[in-house]
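Enquirer: Dropping a prediction and its sequence here:
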Amino acid sequence: MKKRLISANWKMHKTIGETEEFLRIFLKSVSLKDDREVLICPPFTSLQTASQILKNSEVRLGAQNCHWEKKGAFTGEISPVMLKDLGCDYVIIGHSERRHIFGEEDEVINRKLISALEEGLRPILCVGEKIEDREAGMTEKVVETQLRLGLSRLEDHIDSIDIAYEPVWAIGTGVPATPEDAVNVHRFINEVLDRLNPSRKRETRVLYGGSVKPENAGEFMKREEIEGLLVGGASLDPESFAKIVESF
Ligand code: PGA
């Protein structure tokens, strides 16, 4: 049985002091069970502190992005080697804010995935359609393209990657997808992954993200197709994130 994955994506929030305070309260309030993995993805500047605090706990550490090269003249960038060195196990790749604010394209996302895997990080590849795609009936087309291009040359490594389905219109808006809508896209994602690699072991978890809160997390997690959550805003408060972790 795969462990489900409940992840916090803090985006550009929390100083080192705020990170320490969050983790102190969170580790005290949360009760962790064997059937789920809990992941915190703080900003780069808090990784070292979080890594120290989490090293004797079951909570895993991840980054929100990385560069595709191991080192070099790339001012302002962070490589997967550096993330591994800090104690990260995971890295989020291709988040919609990276795609739509910073112009990251599928080809770059693919290079980042390759590099992260080479360093032994487990990537979480984010996919999802914009509202205009959904209204035009293009959700499956957009998601399939993001998967095919993102996973190009990685077909044999699909089991080492998790996918987060995050409809862009649901991120940070307070308007989540319905569990039914999410389930339909999650099934479709699994079909595409099966086509890309019919002999995969189905170790990939397909997470849902977009306006997840303590009040709705349980509804998503009731559905077997939803194998985890990627939580932004509601992961910034330790008690709220603990409730989400314990919502199923
Ligand atoms: P949200 O963000 O929970 O604030 O909608 C989710 C995400 O962007 O990963």
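Expert: Structure's in. What do you need?
Enquirer: On the pLDDT front, check the residue lying closest to residue 120 once chain neighbours are set aside for me.
Expert: Spatially, and ignoring its direct neighbours in sequence, residue 120 is nearest to residue 84 (6.1 Å; Cβ to Cβ, 6 or more residues apart in numbering). Any C-beta I mention is one placed from the backbone N, CA and C, and that applies to glycine too. Note on residue 84: pLDDT of 98.
Enquirer: Around residue 84, how many other residues sit close by?
Expert: 17 (other Cβ atoms under 10 Å).
Enquirer: Please tell me how far it sits from residue 33.
Expert: Separation of residue 84 from residue 33 (Cβ to Cβ, to the nearest Å) stands at 27 Å.
Enquirer: Next: residue 48.
Expert: If you go by Cβ to Cβ, the gap between residue 48 and residue 33 works out to 28 Å.
Enquirer: what about the residue nearest to residue 120, helix or strand, and which?
Expert: Secondary structure from DSSP states H and E places residue 84 in helix 80-85.
Enquirer: Against which helices or strands is that helix packed?
Expert: Contacts defined by 3 or more Cβ pairs under 8 Å, 6 or more residues apart in numbering; DSSP states H and E place helix 80-85 against helix 106-118.
Enquirer: Next secondary structure after the helix it packs on?
Expert: Heading C-terminal from helix 106-118 (DSSP H and E), you reach strand 122-127.
Enquirer: how many other residues sit next to whatever residue of the chain ends up closest to the ligand?
Expert: Closest residue of the chain to the ligand, Cβ to the nearest ligand atom: residue 232 (2.3 Å). By the criterion of other Cβ under 10 Å, residue 232 has 21 neighbours.
Enquirer: From residue 66, how far out is the spatially closest residue to it that is not a sequence neighbour?
Expert: Nearest residue to residue 232, sequence neighbours excluded (Cβ to Cβ, 6+ apart): residue 9, at 5.2 Å. Distance from residue 9 to residue 66, counting by Cβ to Cβ: 14 Å.
Enquirer: Please apply the same query to residue 248.
Expert: Distance from residue 248 to residue 66, counting by Cβ to Cβ: 30 Å.
Enquirer: Have a look at these two and say which one is more surrounded.
Expert: Using other Cβ under 10 Å as the criterion, residue 248 and residue 66 rank with residue 66 on top: 26 against 18.
Enquirer: Quick one: residues contacting that one.
Expert: Contacts were defined as Cβ atoms under 8 Å, 6 or more residues apart in numbering; by that measure residue 66 touches 78-80, 83, 91, 93, 112, 115-116, 121.
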